[in-house]
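# sharing a sequence plus its predicted fold:
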Number of protein chains: 2
Amino acid sequence: MKNFTFYNPVKIIFGKGQIPTVAKEIPVGAKVLVTYGGGSIFKNGVYDQVKAALGEFEVVEFGGIEPNPHYETLMKAVALAKAESVDFILSVGGGSVLDGTKFIAAAIRYEGADPWELLSQKATVKAQSAVPFGAVLTLAATGSEMNSGAVITRESTKEKLSFGSPHTFPKFSVLDPETLFSLPPRQISNGIVDAYTHVLEQYLTYPVNSPLQDRQAEAVLLTLIEEGPKVLQNPQDYDAMANFMWAATNALNGTLSAGVVTDWATHMIGHELTALHGIDHARTLAVVLPSLLRYKQESKQAKLLQYGERVWSITSGTPAERVEATVQATVRFFESVDIKTRLSDYAVGPDTIQHIVERFEQRGPKNLGERGDIQPRDVQEILTMSL
Amino acid sequence: MKNFTFYNPVKIIFGKGQIPTVAKEIPVGAKVLVTYGGGSIFKNGVYDQVKAALGEFEVVEFGGIEPNPHYETLMKAVALAKAESVDFILSVGGGSVLDGTKFIAAAIRYEGADPWELLSQKATVKAQSAVPFGAVLTLAATGSEMNSGAVITRESTKEKLSFGSPHTFPKFSVLDPETLFSLPPRQISNGIVDAYTHVLEQYLTYPVNSPLQDRQAEAVLLTLIEEGPKVLQNPQDYDAMANFMWAATNALNGTLSAGVVTDWATHMIGHELTALHGIDHARTLAVVLPSLLRYKQESKQAKLLQYGERVWSITSGTPAERVEATVQATVRFFESVDIKTRLSDYAVGPDTIQHIVERFEQRGPKNLGERGDIQPRDVQEILTMSL
């Protein structure tokens, strides 16, 4: 096992009927900025529950945060928050609203020239400069509710970059599985594949003798495989939805990456597809991951064989055959939850691959993957395999 | 899954060579009370490492905190801490020193008549009244390094009681597996069985549809079964020790109990054996648990069968036969790591059982177990089965 630091102070309030508890979690007398997205919270009753819970507080609202939240949009919220001198932010929505809220929280009191530096230059969020925030989650997918990271898109330059800080953890996150009952199937499908890929990015690297973390990863994978299809089939199945929601949170709360090496190349390549073509984040992962696993199968072989055996019961054949069967099982699982896995399914062709490779080349010599050995020409090979 | 709240703000700093980092974690200028136990930290070099790390701080020391830390001893530390106006406490030792430190931290500014009320009356620890503390852990067993609970013994009345509060989490815990290299085998054995039983108390109850938590529990059990014997055989095996240490922490950091029902009857009964006869905590668990599982096998059957199948590969026979084989496998594991499992192994006879039953009866109608159906007469049956 490698040395590590683990810190995660998010208070998780999980279960049906928990939204009213936000009133006890927000400091008394705080002026609260409520952030949300496209308006689904008005249809599913969550907005009304939140408004009722916040009855004692002065509230300002900022809606319209889009999927893959835009810097340009978020800066409007920052201006509003400054003008209104808000003390606390409550994110009501999915991972995009929450990621956007993390950026808003860090940007309001940012002392540099432009808060975009938090992403482009990895500028530090200072201890006392982040505005505290909490979340009411209405989507299970990104894990943002129990980590300090966020991914923000700059629309004007088509850049999708990430940042994070020990000071951008939510103070609390309310996870009520019933808020997911009315989600479109597309978003459930995305959530299953997003969470699943989060686990694989932390698990399918090379062995560092971490039996506990490996089994914790497999625990999340097996739960997603079992519960994901149930949720798609019956979105009102509370237990299945609760298990799916908690699995997605556990997929990216720091537990699985403690003491191990992580990859994240699939995410970095996928972000480009989203930035350039607006393809749903999870779908870009489903396109990139299988090819990346095949392309890097030699350096990932030990973990791929373990994954195949423990998660898919694949134990016969040569190592190469077992690896291929394992990747195919993964692809079949993605397709079974209605996520297509080829670039051609999304009308993306070789031109885009060339464009993405050029963008990686322009950003300079920062290679991807757990060994830092995925160069732009490797990205080209991987994406070509996904055509 | 049941509704739950999960909150664990402990910063874990894990790995070899991490002790010097405590200097960065303690507030600048703090006057630090260093607490420790019987002096093993002087032999294994940990004291010297801590002293070197604390070079910039004013330090007061309090040693001699015993296993199953005594209220009487701890109150002397409270007096010292008050007299010296300490700002921070650093626990250097195992679970007993850390549990004792939690009590000291909560007692220094306690406003009631006697801090024992924190245990006897479950008095509340107020938000700003607990003195902050951190830990350098030198034993893997109790999980105290990543939770807010503590068990304290009042020597004068032979009572062993617990308390906990959201304000008695360590601010940080340094877990350096190398500090465990010089432990006596007895303490390693105790640690394995203590951690293993912590998991079973949260896992072997009744099903509430919690597939993720179940597999997370099995992950810890399987890791202890694999790594425990390795550590006993070669206490200098860093990787095995690291895996054992991290498994023990994960056994009781709140993850496994989130959303499920828990038992803890084995602990409550075991505490009495320790209070009356000074038997090592883990050994009392090894004595009580098998009989309790057999006695409650009907209400625990579903989880016992799952545990037998997934952890011990026991799949054939009638349910009753599988349960018995599963309990026997558990007993064999305890015995294989040199922990005896019968009361007679510890020279305890029927008189003690009667004494324990009377103590439970005197405490009034508070039954034990996940269904609250273990009454004093059931305790008598269970202990009699363990003779």
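Perfect, thanks for sending it.
# alpha carbons only for contacts and neighbour counts from here, please
OK.
# so which helix or strand takes in the closest residue in space to A:Ile314 that isn't next to it in sequence?
Once flanking residues are discounted, A:Ile314 sits nearest to A:Gly308: 5.1 Å by CA to CA, 6 or more residues apart in numbering or on different chains. A:Gly308 is part of helix A:301-312 when elements are defined by DSSP states H and E.
# what is that helix packed up against?
Contacts defined by 3 or more CA pairs under 8 Å, 6 or more residues apart in numbering or on different chains; DSSP states H and E place helix A:301-312 against helix A:211-233, helix A:319-336.
# I'd say the residue nearest to A:Ile314 and A:Thr315 touch.
Yes: counting by CA atoms under 8 Å, A:Gly308 touches A:Thr315, with 7.4 Å between them.
# residues contacting the residue nearest to A:Ile314?
Going by CA atoms under 8 Å, 6 or more residues apart in numbering or on different chains, A:Gly308 touches A:314-315, A:322-323, A:325-326.
# quick check: it vs chain B, distance?
Between A:Gly308 and chain B the computed distance is 17 Å (CA to the nearest CA, to the nearest Å).
# swap in A:Glu56?
Taken as CA to the nearest CA, the span from A:Glu56 to chain B is 23 Å.
# so that residue, which of the three states?
coil (DSSP: H, G, I helix; E, B strand; the rest coil).
# show the pLDDT at it.
As predicted, A:Glu56 sits at a pLDDT of 93.
# what's the burial count for it?
Neighbour count of A:Glu56, defined by other CA atoms under 10 Å in any protein chain shown: 12.
# what do you get for the one 10 residues further on?
The number of residues packed around A:Glu66, counting by other CA under 10 Å, is 15.
# circling back: okay, buried residues for the helix holding A:Gly308 please.
If you call a residue buried by 16 or more other CA atoms under 10 Å in any protein chain shown, then helix A:301-312 has these buried ones: A:301-309, A:311-312.
# what of stretch A:361-373?
Here stretch A:361-373 shows A:367-370 as buried, counting by 16+ other CA under 10 Å.
# with respect to A:Pro69, which of the contacts of A:Gly308 is nearest?
Proximity of the contacts of A:Gly308 to A:Pro69 (CA to CA) peaks at A:Thr326, which lies at 34.0 Å.
# pretty sure the closest one contacts A:Leu304?
Yes: using CA under 8 Å, A:Thr326 makes contact with A:Leu304 at a distance of 7.3 Å.
# now for the two: what residues contact both?
Common neighbours of A:Thr326 and A:Leu304 (CA under 8 Å, 6+ apart) do not exist.
# contact partners for A:Ala23?
Going by CA under 8 Å, 6+ apart, A:Ala23 touches A:53-54, A:56.
# cool, and A:Ile269?
When contacts are counted by CA under 8 Å, 6+ apart, A:Ile269 touches A:288, A:379.
# any idea how far it is from A:Ile374?
As judged by CA to CA, to the nearest Å, A:Ile269 and A:Ile374 stand 11 Å apart.
# is the residue lying closest to A:Glu272 once chain neighbours are set aside in a helix, a strand, or coil?
Distance criterion CA to CA, 6+ apart; nearest residue to A:Glu272, sequence neighbours excluded, is A:Ile356 at 6.5 Å. What three-state DSSP gives for A:Ile356 is helix.
# run a quick neighbour tally on A:Ile356.
23.
# give me the pLDDT for it.
With respect to pLDDT, A:Ile356 scores 96.
# same check on A:Gly369?
Looking at A:Gly369, its pLDDT stands at 96.
# and stretch A:293-302, end to end?
From start residue to end residue, stretch A:293-302 stretches across 12 Å - CA to CA.
# quick one: the strands in chain A?
In chain A, the segments counted as strands under DSSP state E are A:4-6, A:11-14, A:31-35, A:58-62, A:88-93, A:133-137, A:149-154, A:159-164, A:172-175.
# re the thing from before, tell me which of the helices and strands packed on helix A:301-312 sits most buried.
Highest mean neighbour count of the helices and strands packed on helix A:301-312: helix A:211-233, a mean of 23 (counted as mean count of other CA atoms under 10 Å in any protein chain shown).
# so how far is that one from its chain's centroid?
Mean C-alpha position of helix A:211-233 versus that of the full chain (CA atoms, centre = their mean, to the nearest Å) differs by 16 Å.
# summarise which helices and strands that helix is packed against.
Helix A:211-233 packs on helix A:185-203, helix A:238-250, helix A:301-312, helix B:211-233, helix B:238-250, going by 3+ CA pairs under 8 Å, 6+ apart.
# recalculate using a threshold of 6 Å.
Using 3 or more CA pairs under 6 Å, 6 or more residues apart in numbering or on different chains; DSSP states H and E, the elements in contact with helix A:211-233 are helix A:238-250, helix B:211-233.
# now the ones you listed as TSV including mean pLDDT and distance to A:Ser156?
Output for the helices and strands packed on helix A:211-233, formatted as TSV (pLDDT from 0 to 100; distance: least, CA to CA, whole Å):
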stretch	mean pLDDT	distance to A:Ser156
helix A:238-250	98	31
helix B:211-233	98	41
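# taking the centroid of chain A, which residue is nearest it?
A:Thr142 (2.9 Å; CA atoms, centre = their mean).
# how close does the nearest residue to that one once chain neighbours are set aside sit to chain B?
Using CA to CA, 6+ apart and skipping the chain neighbours, the partner closest in space to A:Thr142 is A:Gly95 (5.5 Å). Distance of A:Gly95 to chain B, given as CA to the nearest CA: 20 Å.
# what's the closest of the buried residues of helix A:301-312 to chain B?
A:Val311 (12.3 Å; CA to the nearest CA).
# what is the neighbour count of the residue in chain A positioned nearest to chain B?
Closest residue of chain A to chain B, CA to the nearest CA: A:Pro9 (4.0 Å). By other CA under 10 Å, the residues close to A:Pro9 number 20.
# likewise A:Asp114?
Neighbour count for A:Asp114, taken as other CA under 10 Å: 10.
# swap in the one 5 residues further on?
A:Leu119: 19 surrounding residues under other CA under 10 Å.
# nearest spatial neighbour of the residue of chain A closest to chain B, skipping sequence neighbours?
Nearest non-adjacent residue to A:Pro9 (CA to CA, 6+ apart): B:Pro9, at 4.0 Å.
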